[in-house]
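**Student:** 3D model of this:
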Amino acid sequence: MTEEFRTFVEENINENPVRLRMRMRGDSRAWIPLAVSHIEALGKGRKKYPSLPDSWIFPSVTAVEQSTPLLTAEYNFSVAAKAVGRQLRECRILDMTAGMGMDALGFADSGADLTLIELNPIHAQALAVNFERFRNVTVTEGDSVKWLSEYSGPRFDIVFIDPSRRTESVARAYNLHHCTPDLIELSPLILERAEVCIAKLSPMLDITQTLRDLPHCRELHVVEEGGECRELLAVISSHAQSGNCSIIVHKEGLTINYDAGAASPDGINYAMPRPGMYLLEPSPAIAKGLPANRICGYEVAMLAPNTHIFVGDAISDPGLGRWSYIEAVLDFAGSRLKRIGNEIGPAEVVARNLPGMTSDSLRKRLGVMESSGRRIIGTSLADGSKVLLLCGKRL
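**Tutor:** Numbering: from 1, shown residues only. Below is the predicted model:
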């Protein structure tokens, strides 16, 4: 980027972006919109990505918020590298939804022949600057679906794609048909042009339905970072057989792999909680990627069909989620809630599978102050009864 761009950013770094954008309206310099957007996103961008060089341009606040966290990007890179079974520097890779380029950085560093396509012109402009030091990277602004349909060059080894996770009505997408581009319709074209497709999918998608929609999916990774389920990462290949897909649940300190088409374990075990037991609240990736009967295989039992909480006599695997020690099991009686709250005192209050009641409303009914010391979990059991579980600090 020109020295004039850098000087403008330095001189206006503390300006209100809204007022700055209005003041610069009508300025003919092509880089002004990107400079203002960069100023607006700079603080959040450097906080989220402290290891990026100071020269990195952040194209918008939205791009920063939606871009892949670094550890997840590194994991995505490792999955792609294994998917083709050879050195990435020997590969031709197409990123159809480059965004801010965080997933593309690993591909660029590997020496692969990398093509980045981005529909948003300001984002594409930033990509061109941020990747200009890589001779192996080509940045193109435009519609990647149209570009790929007209492409007639050598077959790609990998096509990487991150469909938009929100519909036009800004509601979260729960179905691949609600994402843009529509991967269900697009995958035949991608597999015609590439050996493997690596698709980043919304963590809101239903896994069973996603596997039905993508019959050539050979791996589906459920990726957690920072206590959040970040994405589903699908490895799609024309050589994969329908119904023969591995589910890989990945989070810090734990990776679980199972065959989605294999016979399921025995049914779900249910248990009544009692003092002295340990309570398991599965982490987001475990809850998303493992069916309840597979979680029960870790020597725990479920409280109720719609209560995704488990109990066991011991902590079988710390990586499964949040474990707490159950100090007391109290009957859930509406007339006694105030008295119970007075006896317990300050605590974190959680409502799980209590129809018509939220955590906040339960806390008000108990009349307790919020505190991170102890926890009160109001929940339903398999026999239909309701209880309050008094738990100690997280173990």
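**Student:** give me the low-pLDDT residue ranges for the stretch 101-250 of the chain?
**Tutor:** Low-confidence segments of the stretch 101-250 of the chain, defined by pLDDT under 70, span residues 165-174, 241-243.
**Student:** which residue ranges form the helices in it?
**Tutor:** Assigned by DSSP state H, counting those that start in this stretch, the helices in the stretch 101-250 of the chain fall at 102-110, 121-130, 144-150, 183-193, 207-213.
**Student:** Indicate which one of these is closest to G261.
**Tutor:** Put simply, out of the helices of the stretch 101-250 of the chain the one that sits nearest G261 is helix 207-213, at 9.1 Å, with distance taken as Cβ to Cβ. No exception for glycine: its C-beta is placed from N, CA and C like everyone else's.
**Student:** what about N306, distance to P355?
**Tutor:** Note on N306: its distance to P355, by Cβ to Cβ, to the nearest Å, is 9 Å.
**Student:** Looking at the two, which is more packed in?
**Tutor:** Remark: of N306 and P355, N306 carries more neighbours, 12 against 8, as counted by other Cβ atoms under 10 Å.
**Student:** Now for that one: which residues touch it?
**Tutor:** With Cβ atoms under 8 Å, 6 or more residues apart in numbering as the criterion, the residues that contact N306 are 353, 380.
**Student:** can we see that at 7 Å?
**Tutor:** Under the criterion of Cβ atoms under 7 Å, 6 or more residues apart in numbering, the neighbours of N306 are N353.
**Student:** On the pLDDT front, check it for me.
**Tutor:** Taken from the predicted model, the pLDDT recorded for N306 is 88.
**Student:** how close does it get to N353?
**Tutor:** Distance of N306 to N353, computed by Cβ to Cβ: 5 Å.
**Student:** same question, A292
**Tutor:** Counting by Cβ to Cβ, the gap from A292 to N353 is 13 Å.
**Student:** what is in contact with the two at once?
**Tutor:** Common neighbours of A292 and N353, counting by Cβ under 7 Å, 6+ apart, are absent.
**Student:** Identify the contacts common to N306 and N353.
**Tutor:** Common contact partners of N306 and N353 (Cβ under 7 Å, 6+ apart): none.
**Student:** got a list of what L34 touches?
**Tutor:** 57, 59, 122, 125-126.
**Student:** repeat for H123
**Tutor:** Shown in contact with H123 (Cβ under 7 Å, 6+ apart): 59, 63, 99-100.
**Student:** could you pull out the strands for the stretch 201-350 of the chain?
**Tutor:** With DSSP state E, counting those that start in this stretch as the criterion, the stretch 201-350 of the chain has strands at 217-225, 228-237, 246-251, 254-259, 278-282, 301-304, 307-312, 321-331, 348-352.
**Student:** Between these, which one is closest to C179.
**Tutor:** Among these, the nearest to C179 by Cβ to Cβ is strand 228-237 (11.4 Å).
**Student:** Could you check that closest one and say which residues are buried?
**Tutor:** If you call a residue buried by 16 or more other Cβ atoms under 10 Å, then strand 228-237 has these buried ones: 229-237.
**Student:** Return the alpha-carbon coordinates of stretch 221-236 using PDB.
**Tutor:** Taking C-alpha atoms only, stretch 221-236 is exported to PDB below (Å, rounded to 0.1, in the frame of the first residue of the first chain):
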ATOM      1  CA  HIS A 221     -14.500 -32.300  12.100                       C
ATOM      2  CA  VAL A 222     -16.300 -30.600  15.000                       C
ATOM      3  CA  VAL A 223     -13.800 -27.900  16.100                       C
ATOM      4  CA  GLU A 224     -13.800 -26.200  19.500                       C
ATOM      5  CA  GLU A 225     -11.600 -23.300  20.600                       C
ATOM      6  CA  GLY A 226     -11.800 -21.000  23.600                       C
ATOM      7  CA  GLY A 227     -14.900 -22.800  24.900                       C
ATOM      8  CA  GLU A 228     -16.900 -22.300  21.700                       C
ATOM      9  CA  CYS A 229     -17.800 -24.700  18.900                       C
ATOM     10  CA  ARG A 230     -16.200 -22.700  16.100                       C
ATOM     11  CA  GLU A 231     -17.100 -24.800  13.000                       C
ATOM     12  CA  LEU A 232     -17.800 -28.000  11.300                       C
ATOM     13  CA  LEU A 233     -15.000 -28.800   8.900                       C
ATOM     14  CA  ALA A 234     -16.000 -31.200   6.100                       C
ATOM     15  CA  VAL A 235     -13.500 -33.100   3.900                       C
ATOM     16  CA  ILE A 236     -15.400 -34.000   0.700                       C
END
